[in-house]
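Novice: Sequence and predicted model, in that order:
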Amino acid sequence: GESVGLHLPTLSVQEGDNSIINCAYSNSASDYFIWYKQESGKGPQFIIDIRSNMDKRQGQRVTVLLNKTVKHLSLQIAATQPGDSAVYFCAEKLFSNYQLIWGAGTKLIIKP
Amino acid sequence: DSGVTQTPKHLITATGQRVTLRCSPRSGDLSVYWYQQSLDQGLQFLIQYYNGEERAKGNILERFSAQQFPDLHSELNLSSLELGDSALYFCASSPRSTNTGELFFGEGSRLTVL
């Protein structure tokens, strides 16, 4: 079936550096792609989303890039801080569908 | 604080037992979603309700059931519990049944089956 997957289960980044978390998806018909952050002991929290008709979207310290040609999604976090330590999930959906298809998650570790 | 409330936060029970997890969605949200997350795993979608009616069903076992009440709170019932049911159970809500994917999650109910 269709799925969303992540290339790296764990990513270690020096504090202050930029982080890039990658995600591959297989459903070319998906309309929305979403990134969630899950801190330890908490529920996932929406970070940013991007529609399939866009290539890039920027938020506060985060940028999501969408490459439909290779079905690739990435989340860039600028000037990574200790508070960015979390598991990051990508997810996809069809606008007409009720469900999100979730990726496996990438654990981001910040080195002091 | 997402505005979604889940109770209990922690629950320890024995195999074969039955438990009920409760979720109060954000004020005004009509959709409630239930997810299961095993240790260091991703999120498995269980079921969605919209304004009291079941809208979508995912990988929910027959031993599990859910409902959404007229006041929009939801309950997830887990019966004949097995060791493998130990997990975090999250509830999420959203204002509409179809949306851009922004869900508001509660902090979860951690179930331990011994």
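Specialist: Done, it's in.
Novice: what about the helices in chain A?
Specialist: Counting by DSSP state H, chain A has no helices at all.
Novice: Any regions of it where pLDDT drops low?
Specialist: In the predicted model, chain A carries pLDDT under 70 at residues A:1-8, A:98.
Novice: What's the nearest residue in it when you look at chain B?
Specialist: A:Gly43 (3.1 Å; CB to the nearest CB). All C-beta spots, glycine's among them, are computed from the backbone N, C-alpha and C.
Novice: Can you tell me how far that residue is from B:Tyr35?
Specialist: The spacing between A:Gly43 and B:Tyr35, counted by CB to CB, to the nearest Å, is 9 Å.
Novice: For the closest residue to chain A within chain B, the count of nearby residues, please.
Specialist: Closest residue of chain B to chain A, CB to the nearest CB: B:Phe105 (3.1 Å). Close neighbours of B:Phe105, defined as other CB atoms under 10 Å in any protein chain shown, add up to 22.
Novice: hang on, the residue of chain A closest to chain B packs against B:Ser2?
Specialist: Yes. In this structure, A:Gly43 is within contact of B:Ser2 by CB atoms under 8 Å, at 6.7 Å.
Novice: ok, the two, which is more surrounded?
Specialist: The neighbour comparison of A:Gly43 against B:Ser2 (other CB under 10 Å) goes to A:Gly43, with 23 against 19.
Novice: what sits opposite the closest residue to the more buried one other than its chain neighbours in the beta ladder?
Specialist: Nearest residue to A:Gly43, sequence neighbours excluded (CB to CB, 6 or more residues apart in numbering or on different chains): B:Phe105, at 3.1 Å. Counting by DSSP bridges, B:Phe105 forms beta bridges with B:Ala92.
Novice: which ones are touching the closest residue to A:Ser52 other than its chain neighbours?
Specialist: Leaving aside its sequence neighbours, A:Ser52 sits nearest to A:Asp31 (CB to CB, 6+ apart; 5.2 Å). A:Asp31 is in contact with A:Arg51, A:Ser52, A:Lys93, A:Leu94, A:Phe95, A:Ser96, counting by CB atoms under 8 Å, 6 or more residues apart in numbering or on different chains.
Novice: and the residue most central in space within chain B, what element?
Specialist: Compute the mean C-alpha point of chain B, and by CA atoms, centre = their mean the closest residue is B:Trp34, 3.1 Å away. Per DSSP states H and E: B:Trp34 is located in strand B:31-37.
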